[in-house]
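Enquirer: Sequence plus predicted model, see below.
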Amino acid sequence: MRYRAFGATRFTSGTTPTSYRFTGQREEAALGLYFYNARWYDPALGHFLSPDTVVPNPGNALDYHRYAYVRFNPLKYTDPSGHCPICISVAVGTGVDVATDFFIAQATGTEFNLVESLKVNGAINLVTAGFGGKLAKLRHLGKVAGLVDNVAGHGDEVADAAKAVSKVEDVRHARRSTEITQSVLDRILPEKFDPRARFGQAFYVAQQGETAVAEVAVHGGKASHVIRFQLDLSKAKVLDLTDPAVAKAWGYVENVDAYAAHQQLAQKAMEQGYNVIKFQSYRGPGYNYALLHNPLNPFNFDEWLIPQMVSPVP
């Protein structure tokens, strides 16, 4: 069996010997509902049918939506108890921290207490939603191994630098209904791209979520969801029109109404093997990417554009 992001059955073949299906929960097939131990869940709605009796993390605003399933992010979380959308993160975080404790003990020649490590790290990860004490421990382990402490001390800068080197960044794409959002998550189909769009047939993503929502509004719709993707451009050929020198060389003029000229530019770019165009957004802050449907050098949507999170638009 295969499932959609929020648990609705996408594909089935033959018979299954058990009623335990999506995320290991029991399905009441006649009702189309799942029982999550504490309450019933409707995968078609993506919501529980009764409010949560607890607030798992009072510091997270999404946990005050008592009917929400896994903070609207089924790509990252599961909810085995019907109460705890962060249980998997807590379990993984605890496992990482316990393993780190073990390696620190081995490196320093001190005694490792498994039971104590599980108790302490489990409590910390429950409070911190799975983040735990990994940074401090990894810094300590790095010093023990003789690594450069500045690497851990400047984790944000290192992460940003790594993304810059690998040409990976987060981008957003908005859609106007749950069904269309799900279809995009299932698979991006280039044959459905609109040839009348700014740079012709392409999949358009924005640096900023508000810009992605504004793009939908400009075309007469109201966005229902924003998908955050991880975009990997390391193997793509990018025409960067946000660079003034490149824009001038290509005769690109920022004109919101110049669709014909921009489509001609895109056609010329594809003839030269480009499959991505980067340009300043016309609808909001930041820049956009047009991921071109170029038969000469296809953009690999399955490997270069990976969904990370789906957020509802208020």
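Expert: Everything's here; your move. Numbering: from 1, shown residues only.
Enquirer: Tell me the strands beside the helix or strand that contains residue 289, with direction?
Expert: Secondary structure from DSSP states H and E places residue 289 in strand 287-292. Counting by DSSP bridges, the strands paired with strand 287-292 are strand 202-206 (antiparallel), strand 276-280 (antiparallel).
Enquirer: Deepest in the core, which of these is it.
Expert: When those are scored by mean count of other CB atoms under 10 Å, the highest mean neighbour count falls to strand 202-206 (a mean of 23). Quick note: C-beta positions are derived from backbone N, CA and C, even for glycine.
Enquirer: Give me the angle between the helix or strand following that strand and strand 202-206.
Expert: Using DSSP H and E, the helix or strand that follows strand 202-206 in sequence is helix 209-218. Between helix 209-218 and strand 202-206, the angle comes out at 130 degrees (axes from the mean of the first three to the mean of the last three CA atoms, to 10 degrees).
Enquirer: Give me the domain ranges for this protein.
Expert: Here the domain assignment for the chain is 2-72, 87-153, 168-312, based on automatic domain parsing.
Enquirer: Helices along the stretch 101-250 of the chain, start to end?
Expert: For the stretch 101-250 of the chain, helices defined by DSSP state H, counting those that start in this stretch occupy the ranges 114-127, 134-144, 149-153, 155-166, 178-186, 209-218, 244-249.
Enquirer: that older thread, now render the domains of the chain as TSV, adding mean pLDDT.
Expert: Formatted as TSV, these follow (pLDDT from 0 to 100):
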stretch	mean pLDDT
domain 2-72	82
domain 87-153	62
domain 168-312	93
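Enquirer: Take these and lay them out in CSV including distance to residue 80.
Expert: Shown next, in CSV, are the domains of the chain (distance: least, CB to CB, whole Å):
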stretch, distance to residue 80
domain 2-72, 7
domain 87-153, 6
domain 168-312, 20
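Enquirer: Residue 81: which of the ones you listed is closest?
Expert: Evaluated over the domains of the chain, closeness to residue 81 peaks at domain 2-72, with 5.5 Å, by CB to CB.
Enquirer: distance between the ends of the closest one?
Expert: The first and last residues of domain 2-72 sit 19 Å apart, counting by CA to CA, to the nearest Å.
Enquirer: So what does residue 199 look like in phi/psi?
Expert: phi -110, psi 30 (degrees, to the nearest 10).
Enquirer: And for residue 34?
Expert: When quoted as degrees, to the nearest 10, the phi and psi of residue 34 stand at phi -120, psi 140.
Enquirer: and if you look at the one 5 residues further on?
Expert: Backbone dihedrals for residue 39, given as degrees, to the nearest 10, come out at phi -170, psi 170.
Enquirer: burial count for it?
Expert: 19 (other CB atoms under 10 Å).
Enquirer: quick one, what contacts it?
Expert: By CB atoms under 8 Å, 6 or more residues apart in numbering, the contact list for residue 39 reads 48, 49, 50, 52, 82.
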